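**Student:** Based on what follows, work out the 3D shape:
(one chain, ligands or ions: 2)
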Amino acid sequence: MSGQRGNPWQRLGPGPLIAPSLLAADFMRVGEMVSAAVAGGADVLHVDIMDGHFVPNLSMGPGFVQSARAFTDCPLDVHIMVTDALYYAERFAEAGADSVTFHIEADSDPQAVIDLLRRRGLGVGLTLRPGTPAETLRPFIDQVDMVLVMTVEPGYGGQRFMEDQLPKIRQVRSWLGPARRLEVDGGINPATARACAQAGADVFVAGVGVFRSGDIPGAIAALRASATEGAAERR
Ligand code: DX5
Ligand code: ZN
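**Tutor:** Numbers count the residues shown, from 1 in each chain. Ligands and ions are numbered 1, 2, ... in the order given. You can find the predicted model right below:
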């Protein structure tokens, strides 16, 4: 392992980034699936953490991230769908996350979470539920590396993409400017990735679309091709 760590959003080059979500991997074969995704060009691995409280589902914990960290050099972006974002941001930083993406609706003071992640040199991602207005991010937007616009209600993989989030993507892109990242997560396939890229997204999370496709490298390549087309068609 080269062991190069640090804020992936500042380290990775421009262009669409593909972030397969391990939530959709077969947990009995997760190492094999991570290897296939990384060999197939995954830029980032997306790790969905659910606490059974902020969302009505449970997923994995810090031990999973620790094992993933030891297994691969691919950057780990940990999306924490948890009520106590400050506490868990620290736990996942300790476990080896490269970036933590937390919800504006969590109970924690967003500024305190941002400060913690900055102190530790991690990437800072901020996200919101589909029903939360983009304006709620505004006070923090200059301090984050990435905004994740959720395109499904968080909690489960395999849901249908919400087209009504496209105007929010356009709005957030206008605030972020061209340099920072705008990620989409939920129901992403080549067609929806293209629509999101047209609206200004440049990081594409996909769970079912990659890990249940039967062709992990092919699915990653198809997402990248569509996102690249969408970016060229941006208006
Ligand atoms: C939903 C998670 C997503 C999810 C996406 O709560 O944040 O990352 O894994 O899954 P797909 O791509 O299957 O819609
Ligand atoms: Zn996610």
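**Student:** So which elements touch the longest helix anywhere in the chain?
**Tutor:** Taking DSSP state H as the criterion, the chain has its longest helix at helix 216-232. The helices and strands touching helix 216-232, judged by 3 or more Cβ pairs under 8 Å, 6 or more residues apart in numbering; DSSP states H and E, are strand 17-20, helix 30-39, helix 190-199, strand 203-206, helix 208-211. Where C-beta positions appear, they are placed from N, C-alpha and C, glycine not excepted.
**Student:** Walk me through which strands the first one pairs with, and which way each runs.
**Tutor:** Meaning strand 17-20. strand 203-206 (parallel) (DSSP bridges).
**Student:** per-residue confidence averaged over the longest helix of the chain?
**Tutor:** On average, the pLDDT along helix 216-232 is 98.
**Student:** and the angle from that helix to helix 30-39?
**Tutor:** 40 degrees (axes from the mean of the first three to the mean of the last three Cα atoms, to 10 degrees).
**Student:** what does helix 216-232 contact?
**Tutor:** 15-16, 18, 20, 33, 36-37, 39-42, 188-191, 193-198, 201-202, 204, 206, 209-210, 213 (Cβ atoms under 8 Å, 6 or more residues apart in numbering).
**Student:** 6 Å instead, please
**Tutor:** Helix 216-232 is contacted from outside by 16, 18, 36-37, 40-41, 190, 193-194, 197-198, 204, 206, 209-210, 213, using Cβ atoms under 6 Å, 6 or more residues apart in numbering.
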